[in-house]
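[1] 3D model of this:
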Amino acid sequence: MWSALQALLIYGIFAVVHGGFWSVSQYGYYNYLADAFLHGQLHLRIVPPVTHDLSLYQGHYYLYWPPLPALFMLPFVALFGISFSDTLLNLAIGALNVAMVAILLRQASIQRVIKLSRVRRGLLVMCFALGTVHLTLAPFGRVWNTGQLIGFLCVGLCYIVVLRFRGMPAFALAGLALAAAMLTRNHLVFAGLWPACYLLYRHRSLGWRRLVANTMIGILPIAAAVFLLGIYNWLRFQNVWDNGLAYHHMAAIFVGDYATYGAFNLHYLPANIFYQYIAYPLPFREESYFGGSLFLLTPIFIAAGVGIARMRPRWSMWALLGSIFLVAIPILLLMGTGWVQFGPRYTLDFTIPLLLLTAVGLRRWSINVIVLLLLNSIMHYVLGTTHFALYLLA
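    Reported below is the predicted structural model:
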């Protein structure tokens, strides 16, 4: 709880630097979708002042992102209208995410998935809160930030559920959390590989009939989410596979590539690898906001390599690594790098399994080394987020 309150305070300071947190951001599109839902329609009833990244189809504006974050907004928009601050919501979700990481690491330690001292766990939580791209998302509104923060929350809840509960409730709740993640960011369902493997391993003593029954209970919410997304797309675009991406008002720098290669293509792989794992964004320049190296900006994640070598049982390591790769594949093939951003924004989507591998790797690292790496990460992200906040105001 203290970690969450401290993170909320720091995130709030960055929000003030950006211009405050009481009004809806320029790109608070989920507010407008929530308003549409409240009035019984799927297209936006009120057109926002800017329509960048919105999909225009048959004279109506839609969001191509899945709709769950708009459902989070429903009670607030119902009470306060579309002017409710999406920045305020993001601050709250960001603080919850920090608390959730602390709980996850503690539960993983109790279940002996990781073996990490309380001090090292605390430093890793601090690194997540202040030394990763999470710091660049939580203090600001914007539709992209809201989706990633809520998606991260859903994935984290799935991991906590499988560590904390047993039997049918564990399968059902994990399935619900993954379904919610998929209804926020479709590819986050792949982060469920490790929870699925862990559940099957932990319940291996059950008879095969009960194990199959529990597995089906876990799959049911995910299947329902796929069905609901198909219906949602059909009602909007008369095609269950069409989410409106082809009609969205993309940035001019992407138009040519989209016309030639579409939204997902191997053509984008080199640029995505460079801006997510190689590029160093300092000193600040226009190109800095295409991303930045995950390991240069957060070097503590290098410990994940040690975790890969040392983690036991080996199936757990492979399941965590598989979760990372499965989530990363569509990210690496996607048009664009997450621009405009500071740091590798899309890597937040697989940070939960990455944190667990990192925790395993940090077990025997000196506290002094961990603190030095932590300070390096905080320096990068405090400077980067401050500059980014001012950049967004320009």
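[2] what's next to stretch 153-167, contact-wise?
    93, 96-97, 100-101, 103-104, 107-108, 110-111, 113, 170, 173-174, 177-178, 180-181, 184, 188, 191-192, 194-195, 198-199, 202-203, 214, 349, 352, 356 (C-beta atoms under 8 Å, 6 or more residues apart in numbering). Every residue, glycine included, has its C-beta placed from N, CA and C.
[3] let me redo that: stretch 190-206
    Here stretch 190-206 has contacts from 113, 155, 158-159, 161-163, 166-167, 170-171, 174, 178, 181, 211, 214-215, 218, 222, 313, 315-316, 319-320, 322-323, 326-327, 329, 349-350, 352-353, 356, using C-beta under 8 Å, 6+ apart.
[4] what score does the residue of the chain positioned farthest from its centre have for pLDDT?
    Here the centre of the chain is the reference, and by C-alpha atoms, centre = their mean the most remote residue is residue 207, at 35.7 Å. With respect to pLDDT, residue 207 scores 85.
[5] give the contact list for it.
    Applying C-beta under 8 Å, 6+ apart, no residues qualify as near residue 207.
[6] if I look at it, how far off is residue 198?
    Computed as C-beta to C-beta, to the nearest Å, the residue 207 to residue 198 distance reads 19 Å.
[7] low-confidence ranges, the stretch 251-394 of the chain, go.
    Along the stretch 251-394 of the chain, segments meeting pLDDT under 70 span 393-394.
[8] next SSE after the host helix or strand of residue 324?
    Per DSSP states H and E: residue 324 is located in helix 314-332. Per DSSP H and E, the first helix or strand lying C-terminal to helix 314-332 is helix 351-361.
[9] just checking, residue 335 touches residue 257?
    Yes: in terms of C-beta atoms under 8 Å, residue 335 counts as a neighbour of residue 257; the distance is 6.0 Å.
[10] list residues touching both of these two?
    Both residue 335 and residue 257 are contacted by residue 268, under the criterion C-beta under 8 Å, 6+ apart.
[11] the stretch 1-150 of the chain: helices as residue ranges?
    Ranges of helices in the stretch 1-150 of the chain, per DSSP state H, counting those that start in this stretch, are 2-18, 29-38, 68-80, 86-110, 118-130, 134-137, 143-164.
[12] and those helices: which comes nearest residue 279?
    Residue 279 lies closest, by C-beta to C-beta, to one member of the helices of the stretch 1-150 of the chain: helix 134-137, at 15.0 Å.
[13] got the contact list for the closest one?
    Identification of contacts with helix 134-137 by C-beta under 8 Å, 6+ apart yields 11, 14, 90, 94, 97-98, 128-129, 145, 148-149, 152, 341-343, 345, 348, 351, 381-382, 384-385, 388.
[14] show me how to select, in PyMOL, the buried members of those.
    Buried residues among the contacts of helix 134-137 (16 or more other C-beta atoms under 10 Å), as a PyMOL selection:
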select buried, resi 11+14+90+94+97+98+128+129+145+148+149+152+341+342+343+345+348+351+381+384+385+388
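[15] okay, angle between the longest helix along the chain and helix 68-80 too, please.
    Identified as the longest helix of the chain according to DSSP state H is helix 208-237. Interaxial angle of helix 208-237 relative to helix 68-80 (axes from the mean of the first three to the mean of the last three C-alpha atoms, to 10 degrees): 60 degrees.
[16] show me what whichever helix or strand comes after helix 208-237 is packed against.
    Next helix or strand after helix 208-237 toward the C-terminus (DSSP H and E): helix 252-261. For helix 252-261, there is no helix or strand it packs on, judged by 3 or more C-beta pairs under 8 Å, 6 or more residues apart in numbering; DSSP states H and E.
[17] report the distance from helix 252-261 to the chain centre.
    Centroid separation between helix 252-261 and its chain, computed with C-alpha atoms, centre = their mean, to the nearest Å, is 25 Å.
[18] just stretch 194-211 next, same as before
    A distance of 27 Å separates the centroid of the chain from that of stretch 194-211, by C-alpha atoms, centre = their mean.
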